[in-house]
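In: Fold the following, please.
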Amino acid sequence: MVSRDTPSRARRKTRTTWIAAFGLAILVASARASAGPPYITDDPEPVEYRHWELYLASQSFHDKDGWTLTAPHVEVNYGPVPDVQLHVIAPLAASVPDRGPSAYGYGDTELGVKLRFIEERSWIPMVGTFPLLEVPSGSKERGLGNGSAQAFFPVWLQKSLGAWQTYGGLGPWIDLGNRQRHWWYFGWQVQRHVLDWLTVGVEVFHQTPVEYGQESESRFNVGAVLDFTEVHHLLLSAGRGFQGPNLFQGYIAYQATFGPTDARAEGESKIPPAPPVK
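Out: Model prediction:
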């Protein structure tokens, strides 16, 4: 999965790779109300019970040292019980520096569990959390991994109003191999469902310095979700930094969403029809 280090660290460490596309996140169960991918900022809404989300995606980053990207990564999300989502990202990562050799191989694996605490009501936002663990499965020597595990502990909120939806939150990242290396992430997103098949949005997000003496960074993204059917979707976003050294980031993914029909409907469908009245 993508390294959570800032681009300033990437300049200090040749070919440091952001290994997986991330968005901290997942689309909501409704395909027409996208949250998470294609954005970095996440939401508190888990995948519906017994439903799946599958992504085949690529995310790229560019700074003065060159490009880092996933080519591609696979993301899987599943709702094993109501209000809970299991999450995994398995990436193939690439580092293409302006100077020096390129590298390509398996990156850091991302594991997570999304938990919803509060359902959205008329004046109450939805609230949840989505702890993540970056497993150091990529090669640090080749610039394809962090070299140590990293964990994220966010709180996310979400509110909808007609065709509009907004969500965001904050949380700390902790390098479990070096507890002195920790930083905060804050992000917020707004989107609108403009057509039956199109949702567009924008986000801004900020990350504090990973270590003393490094730069903080702020970025924005604009994005879109195109719903071809209830199952098949295309997700796109692009943006850049307006504080810090990041010059560009982009995301593209094919997404498939599927699961059983409503359990209540399933039960009703198994009830034999009543005999005709004579």
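In: just for the chain, where's the confidence low?
Out: 1-35, 262-278 (pLDDT under 70).
In: what do you get if the cut-off is 50, keeping everything else the same?
Out: 1-35, 263-271, 278 (pLDDT under 50).
In: Is the nearest residue to residue 53 once chain neighbours are set aside in a helix, a strand, or coil?
Out: Leaving aside its sequence neighbours, residue 53 sits nearest to residue 77 (CB to CB, 6 or more residues apart in numbering; 4.2 Å). Backbone N, C-alpha and C define where each C-beta goes, glycine included. Under DSSP: H, G, I helix; E, B strand; the rest coil, the three-state class of residue 77 is strand.
In: Show me what residue 77 is bridged to.
Out: Here residue 77 sits in beta bridges with residue 53, residue 87, as judged by DSSP bridges.
In: measure it to residue 105 for me?
Out: Using CB to CB, to the nearest Å, we find residue 77 at a distance of 24 Å from residue 105.
In: neighbour count winner among those two?
Out: More neighbours surround residue 77 than the other of residue 77 and residue 105, with 26 against 17 (other CB atoms under 10 Å).
In: so who does the more buried one touch?
Out: Taking CB atoms under 8 Å, 6 or more residues apart in numbering, we find residue 77 in contact with 26, 47, 52-53, 85-87.
In: would you turn these into a markdown table with neighbour count?
Out: Compiled in a markdown table, the contacts of residue 77 are given as follows (neighbours: other CB atoms under 10 Å):
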| residue | neighbour count |
| --- | --- |
| 26 | 26 |
| 47 | 23 |
| 52 | 14 |
| 53 | 26 |
| 85 | 25 |
| 86 | 16 |
| 87 | 23 |
